[in-house]
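Trainee: coords please:
(chains A and B)
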Amino acid sequence: MEKTTNNRAWFLVLPVLVLVAFSAVIPLMTVVNYAFNDTFGNNEFFWAGLEWFDEMVHSSRLHGALGRQALFSAIILAIEVPLGIFIALNMPKRGFWSSLVLVLMALPLLIPFNVVGTIWQIFGRVDIGLLGHTLEALGLDYNYTNDPIDAWITVIAMDVWHWTSLVALLCYAGLQSIPQAYYQAARIDQASRWAVFRYIELPKMKGVLLIAVLLRFMDSFMIYTEPFVVTGGGPGNSTTFLSIDLVKMAVGQFDLGPAAAFSLMYFLVILLVSWVFYTVMTNMDRSASDIPEGL
Amino acid sequence: MRIKPSAMVMALYLIFLMLPIYWLVNMSLKTNTEITGTFSLYPHDLTFRNYRVILTDPSWYMGYVNSIIYVVMNTVISIAVALPAAYAFSRYNFMGDKHLFFWLLTNRMSPPAVFALPFFQLYSSIGLFDTHIAVALAHCLFNVPLAVWILEGFMRGVPREIDETAYIDGYSFPRFFLRIFMPLIASGIGVAAFFCFMFSWVELLLSRTLTSVNAKPIAATMTRTVSASGMDWGVLAAAGVLTIVPGALVIWFVRNYIAKGFALGRV
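Mentor: You can find the predicted model right below:
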């Protein structure tokens, strides 16, 4: 579809622009202000230049949090994306079961983050939780409040529980858009199940899959509430991810300068990765629309 | 009878999804002595006391009211401003449109933790701290870009000829938009509203930072159950169950659009 050039379209965008500028640009400027200044209260600011950035770039605390965060996001993507695709392939295609499955799968997505945390906190407890109790009864030494490995397993299981459905539902939507004719053609060619997946289903899911990866990357990279409720970042610092560390620094210790410098770098990392994804996505959109309709 | 492998996979996955939720419901129907004293797979001593505590104490149930107020406000604001913008993005090229679109999306990507403190200062300084509108506006940060993104996808599917025919028939832009265009993308509006509702409902960090008493969300109220006498597990579980209910209701109403909406109309 051809679009016409019309700069008056700006008027239609204006409300969004004003609103987002108010709720994004002004606060961001505050952060920038803190990042380059030092303050001793009373709204007096002293120019600090890149001092805070320097401190943060060399802070082992930040390196630790960043490393844990990267590992966490990598594990999350490595589990949720393949599992999500697998679930989507097995979902019923139509009828009552399909609606029911959709509703049940979407349920975890609509639970407030801290309630997700609470659910898993209770579920994993050895004394009152089903998971913790069962594992203990099986003779496994499981205690997520003391053991870093157990804490990690709990947090990852929680995230898989919480978000795999999102990946699955996105892929499911992609699968639904494949015309039956494709499958019939594959059957005539006696294509294997794997070939059908590799050459028909996967290419058709590519677009939604990228959205899924992008969303899961962004959200896992800024995860805060769920691990905070379950482990509080502990034991020790073993599940302190970037956002948890940041909130600790900014609100807990009121180290505004370092926290602001930290925020800006954090934001830039997410921005960079997202930009790469976005560019790939729009390029794919374009090349997809170049292909003429039909087989 | 042969069981299909795909049904097995789905059954296992759904059990995995439902078990933690079942456990929460189970706990909410038990007394505290049963929770901490014995380990039981279902409530032996069925009680609704935990729910009664929440539904009769204003400091508890006002949490739900507050949450629903700001979530609805946010959904209405987000959709209202996103509609014209999405129309502009789907129909016209204009100076800087691509950059603007990406900039909008970056706000969906910004960690709420980065914004918590500046928001607190901003809304305190303009006297909106602890009001519903403050939380609703703060949540626009990530909901407006998302709404624009979803609606743009749906609007692209509506042929331009419809716009042109309407103008030839003498419709003015506002009348065309309200009477003809909006009904055409009604399902898109529904999906966008669902997502705005969802992300505003589940968010805690910003809503907790921006409120203290009058607009305190239910999610923040739940932290109250830790008291000197120990955890009130039963009430905590009941409060958790009640936060799932609105979400479940909303899902039920939009279930036929969910899959489509998750693909953001871009499949």
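
Trainee: so where do the helices sit in the stretch 51-200 of chain A?
Mentor: Using DSSP state H, counting those that start in this stretch, the helices found in the stretch 51-200 of chain A span residues A:51-57, A:60-90, A:96-106, A:113-124, A:130-137, A:148-176, A:180-188, A:193-196.

Trainee: among those helices, which is nearest residue B:19?
Mentor: Among the helices of the stretch 51-200 of chain A, the nearest to residue B:19 by C-beta to C-beta is helix A:130-137 (6.6 Å). From N, CA and C alone the C-beta is placed, and that goes for glycine too.

Trainee: give me the buried positions along the closest one.
Mentor: Within helix A:130-137, the residues that count as buried by 16 or more other C-beta atoms under 10 Å in any protein chain shown are A:130-133, A:135.

Trainee: pull the residues that contact it.
Mentor: Contact with helix A:130-137 is made by A:123-127, A:142-144, B:19-20, B:23, B:39, B:41, as judged by C-beta atoms under 8 Å, 6 or more residues apart in numbering or on different chains.

Trainee: sorry, back to before: take the buried residues of helix A:130-137 and lay them out in JSON lines including pLDDT.
Mentor: Formatted as JSON lines, the buried residues of helix A:130-137 follow (pLDDT from 0 to 100):
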{"residue": "A:130", "pLDDT": "83"}
{"residue": "A:131", "pLDDT": "84"}
{"residue": "A:132", "pLDDT": "82"}
{"residue": "A:133", "pLDDT": "82"}
{"residue": "A:135", "pLDDT": "84"}
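
Trainee: so residue A:227 touches residue A:237, yeah?
Mentor: No. Counting by C-beta atoms under 8 Å, residue A:227 sits too far from residue A:237 to count as a contact (11.9 Å).

Trainee: and for the residue in the stretch 101-250 of chain A positioned nearest to chain B, the neighbour number?
Mentor: Nearest residue of the stretch 101-250 of chain A to chain B (C-beta to the nearest C-beta) works out as residue A:110 at 2.8 Å. Look at residue A:110: counted by other C-beta atoms under 10 Å in any protein chain shown, it has 21 neighbours.

Trainee: now swap in residue B:83 and tell me
Mentor: Other residues within reach of residue B:83, judged by other C-beta under 10 Å, total 25.

Trainee: try residue B:39
Mentor: Using other C-beta under 10 Å, residue B:39 has 14 other residues around it.

Trainee: strands of chain B, residue ranges please.
Mentor: B:92-93, B:226-227, B:230-231 (DSSP state E).

Trainee: which of those has the lowest mean pLDDT?
Mentor: Ranked by mean pLDDT, the strands of chain B end with strand B:226-227 at the bottom, a mean of 56.

Trainee: what's the most buried one of the helices of the stretch 51-200 of chain A?
Mentor: Mean neighbour count (mean count of other C-beta atoms under 10 Å in any protein chain shown) peaks for helix A:113-124 among the helices of the stretch 51-200 of chain A, with a mean of 26.

Trainee: got the CA positions of that helix in PDB?
Mentor: Taking C-alpha atoms only, helix A:113-124 is exported to PDB below (Å, rounded to 0.1, in the frame of the first residue of the first chain):
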ATOM      1  CA  PHE A 113       4.500  -9.300  38.900                       C
ATOM      2  CA  ASN A 114       4.700  -9.400  42.700                       C
ATOM      3  CA  VAL A 115       1.900 -12.000  42.900                       C
ATOM      4  CA  VAL A 116       3.900 -14.100  40.500                       C
ATOM      5  CA  GLY A 117       6.800 -13.700  43.000                       C
ATOM      6  CA  THR A 118       4.600 -14.600  45.900                       C
ATOM      7  CA  ILE A 119       3.200 -17.700  44.200                       C
ATOM      8  CA  TRP A 120       6.600 -19.000  43.600                       C
ATOM      9  CA  GLN A 121       7.900 -18.000  47.000                       C
ATOM     10  CA  ILE A 122       5.100 -20.000  48.600                       C
ATOM     11  CA  PHE A 123       5.400 -22.800  46.000                       C
ATOM     12  CA  GLY A 124       9.100 -23.300  46.600                       C
END
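
Trainee: now that helix, how far from the chain's geometric center?
Mentor: Centre-to-centre, helix A:113-124 and its host chain are 18 Å apart (C-alpha atoms, centre = their mean, to the nearest Å).

Trainee: tell me which other helices or strands it touches.
Mentor: If you count contacts as 3 or more C-beta pairs under 8 Å, 6 or more residues apart in numbering or on different chains; DSSP states H and E, helix A:113-124 packs onto helix A:130-137, helix A:148-176, helix A:225-231, helix B:5-28, helix B:218-221, helix B:233-262.

Trainee: in CSV: those helices, plus distance to residue A:62.
Mentor: Output for those, formatted as CSV (distance: least, C-beta to C-beta, whole Å):
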stretch, distance to residue A:62
helix A:130-137, 33
helix A:148-176, 19
helix A:225-231, 18
helix B:5-28, 33
helix B:218-221, 28
helix B:233-262, 34
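
Trainee: and residue A:277, which of the ones you listed is closest to it?
Mentor: Checked against C-beta to C-beta, the stretch from these lying closest is helix A:148-176, at 14.1 Å.

Trainee: that closest one packs against which elements?
Mentor: If contacts are counted by 3+ C-beta pairs under 8 Å, 6+ apart, helix A:148-176 sits against helix A:60-90, helix A:96-106, helix A:113-124, helix A:202-221, helix A:225-231, helix B:5-28, helix B:233-262.

Trainee: between helix A:96-106 and that helix, find me the angle.
Mentor: Relative orientation of helix A:148-176 versus helix A:96-106 (axes from the mean of the first three to the mean of the last three C-alpha atoms, to 10 degrees): 140 degrees.

Trainee: longest helix in the chain, please.
Mentor: With no chain named, the answer covers chain A. Assignment by DSSP state H gives helix A:256-290 as the longest helix of chain A.

Trainee: my bad, chain B
Mentor: helix B:58-91.
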